[in-house]
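Chemist: Mind folding the following:
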Amino acid sequence: MKTVQWRAVRRILAGAVALGVSAGLVAACASANADASHTGPTAAPQAPATVVTRLDLQPAAGATDVHPLGAARATATAGTLDDVALTDSDGDALPGTYSGDRSQWTATAPLDYRETYTWSGTMVAPDGAATPLAGSFTTVAPKRLVKASTNIGEGATVGVAAPIEIRFNRDLSDAAKAEVERGLTVTTSTPVEGAWAWLPDDAMGSRVHWRPKEYWPVGTQVSVAAPLYGKDLGTAGYGSADLTTHFTIGRSQIVKADENSHRIVVIRDGQQVMDLPASYGLETDPRRVTRSGVHIVMAKSEKVLMSNPDYGYQNVPEYWAVRISNNGEFIHANPASQSAQGRRNISHGCINLSIANAKAYFQTAMYGDPVEVTGSSVPLSAQDGDVYDWAVPWDAWKAMSKLTV
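Modeler: Take a look at the predicted model:
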């Protein structure tokens, strides 16, 4: 009985040894296969990347003398923005927009001069942590502001010779004029060749005119833009505000005014509509000569008080008066010279018509209509006031730009 039991035990132990050897072989094969799949050391596991969340404010808190046209924006790196506001000292918020992923907010209006702005809002990190937007900055405070105006109002209809004038309330340096001119634009519905020219400064300040090379095409739509706000114009100051206007070129009406004929002829859209007897300035006195050259209708009034102390009259009422230059030249009614109208030139420089004829012409006249005076001994020039644009030859006109090289 003992022998049988021992033999059974031996058989069990032998099986166990055999199983152990087989398991060792399997393990060895597995180890060999694993070694065959790697030619170098086993790579260490990578640590997860660290996400850095950063908030950038432009202008930064504490900034001073910030330019009003500089960018104003908040940017979140690896985060989003909520409830961003940039408010002035009165609590008014500047308008702005978010990017699509709300990682950036940008102001959509310029900053004001002499203002303090304060940031507010929240940046939210991916883990939900919130960082407040805070801090203030101040904008530049100019000592002087340069204001500009134009001679043609929004929506106006003007004649085919109308120049565009932009006038400044201060004298500008040549460098400032060039800076202004670089930004000026004239956009037309029909292609029109034209140019800016700086006329001499006068008591009111600097002025720049734009005129076409030839008369405007009838019906042209014209838009003018002068981006002046925020421009540093040197000693004159900073631009006060942008200037824009849009106007229309009306019908073509040209006055042919030949002194030798003693008449004026009105041509409207290529057709003669008036032929009126007139008296021009006395040729024997250079101070009374009606100037030759292309004048333009500048303004008109049913009654004007005219004075010329050198010739003995003061505040004399004249009627149906159409101004054609700033040197005192008008087309107007003058019953006192009616006997000479159509025969002799005796006026003090104006073009005299009868009351009926002056009224008839007055009712048709429009700012910018050309009045082409010919036959006199004295040409229209810069000495004759603000608007002598058409007296300047085209090449000379272009040379009056401050951008001419």
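
Chemist: going forward, measure contacts between C-alpha atoms and count neighbours the same way
Modeler: OK.

Chemist: would you list every one of the strands in the stretch 201-350 of the chain?
Modeler: Ranges of strands within the stretch 201-350 of the chain are 205-212, 221-226, 238-239, 243-249, 253-258, 263-268, 271-277, 293-296, 299-308, 313-323, 330-333, based on DSSP state E, counting those that start in this stretch.

Chemist: Could you identify which of these is most buried?
Modeler: Counting by mean count of other CA atoms under 10 Å, strand 330-333 has the highest mean neighbour count of the strands of the stretch 201-350 of the chain, with a mean of 26.

Chemist: how far out from the middle of the chain is it?
Modeler: Centre-to-centre, strand 330-333 and its host chain are 38 Å apart (CA atoms, centre = their mean, to the nearest Å).

Chemist: Give me the residues contacting the helix or strand following it.
Modeler: Next helix or strand after strand 330-333 toward the C-terminus (DSSP states H and E): strand 351-353. For strand 351-353, contacts defined as CA atoms under 8 Å, 6 or more residues apart in numbering pick out 276-281, 290, 329-335, 337-338, 341.

Chemist: Could you point out which residue ranges in the stretch 1-150 of the chain have low pLDDT?
Modeler: The model of the stretch 1-150 of the chain has pLDDT under 70 over residues 1-51.

Chemist: I should have written the stretch 251-400 of the chain there, sorry.
Modeler: Answering for the stretch 251-400 of the chain: no residues sit below the bar, that is pLDDT under 70.

Chemist: just checking, residue 156 touches residue 247?
Modeler: Yes: contact criterion CA atoms under 8 Å: residue 156 and residue 247 qualify, at 4.9 Å.

Chemist: which residues touch the residue nearest to residue 308 when sequence neighbours are not counted?
Modeler: Leaving aside its sequence neighbours, residue 308 sits nearest to residue 314 (CA to CA, 6 or more residues apart in numbering; 6.1 Å). Listed by CA under 8 Å, 6+ apart, the contact set of residue 314 reads 305, 306, 307, 308.

Chemist: just checking, the second one touches residue 321?
Modeler: I take that to be residue 306. No: contact criterion CA under 8 Å: residue 306 and residue 321 do not qualify, at 10.3 Å.

Chemist: Distance to residue 396 added to the strands of the stretch 201-350 of the chain, as a markdown table?
Modeler: Output for those, formatted as a markdown table (distance: least, CA to CA, whole Å):
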| stretch | distance to residue 396 |
| --- | --- |
| strand 205-212 | 13 |
| strand 221-226 | 23 |
| strand 238-239 | 29 |
| strand 243-249 | 25 |
| strand 253-258 | 24 |
| strand 263-268 | 28 |
| strand 271-277 | 32 |
| strand 293-296 | 16 |
| strand 299-308 | 27 |
| strand 313-323 | 26 |
| strand 330-333 | 27 |
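
Chemist: nearest to residue 94, of these?
Modeler: The closest of those to residue 94 is strand 238-239. By CA to CA, the value is 20.5 Å.

Chemist: State the helix or strand in which the closest residue to residue 116 other than its chain neighbours lies.
Modeler: Spatial nearest neighbour of residue 116, chain neighbours left out: residue 138 (4.4 Å); criterion: CA to CA, 6+ apart. Assigned by DSSP H and E, residue 138 belongs to strand 136-138.

Chemist: Give me the sheet partners of that strand and which way each runs.
Modeler: Strand pairing for strand 136-138, using DSSP bridges, gives strand 116-124 (antiparallel).

Chemist: got the buried residues for the strand it pairs with?
Modeler: Residues 116, 117, 118, 119, 121, 122, 123, 124 are the ones in strand 116-124 that count as buried (16 or more other CA atoms under 10 Å).

Chemist: mind putting those in a markdown table, distance to residue 64 included?
Modeler: Formatted as a markdown table, those follow (distance: CA to CA, whole Å):
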| residue | distance to residue 64 |
| --- | --- |
| 116 | 9 |
| 117 | 11 |
| 118 | 12 |
| 119 | 14 |
| 121 | 21 |
| 122 | 23 |
| 123 | 24 |
| 124 | 28 |
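
Chemist: quick one: which of these is nearest to residue 148?
Modeler: Nearest to residue 148 among these, with distances taken as CA to CA, is residue 116, at 26.1 Å.

Chemist: my read: that closest one touches residue 86, true?
Modeler: No: using CA under 8 Å, residue 116 makes no contact with residue 86, being 9.9 Å away.

Chemist: Could you measure from the closest residue to residue 394 other than its chain neighbours over to residue 100?
Modeler: Closest residue to residue 394 apart from its sequence neighbours, by CA to CA, 6+ apart: residue 213 at 6.5 Å. Per CA to CA, to the nearest Å, residue 213 is found 48 Å from residue 100.

Chemist: Understood, closing this out.
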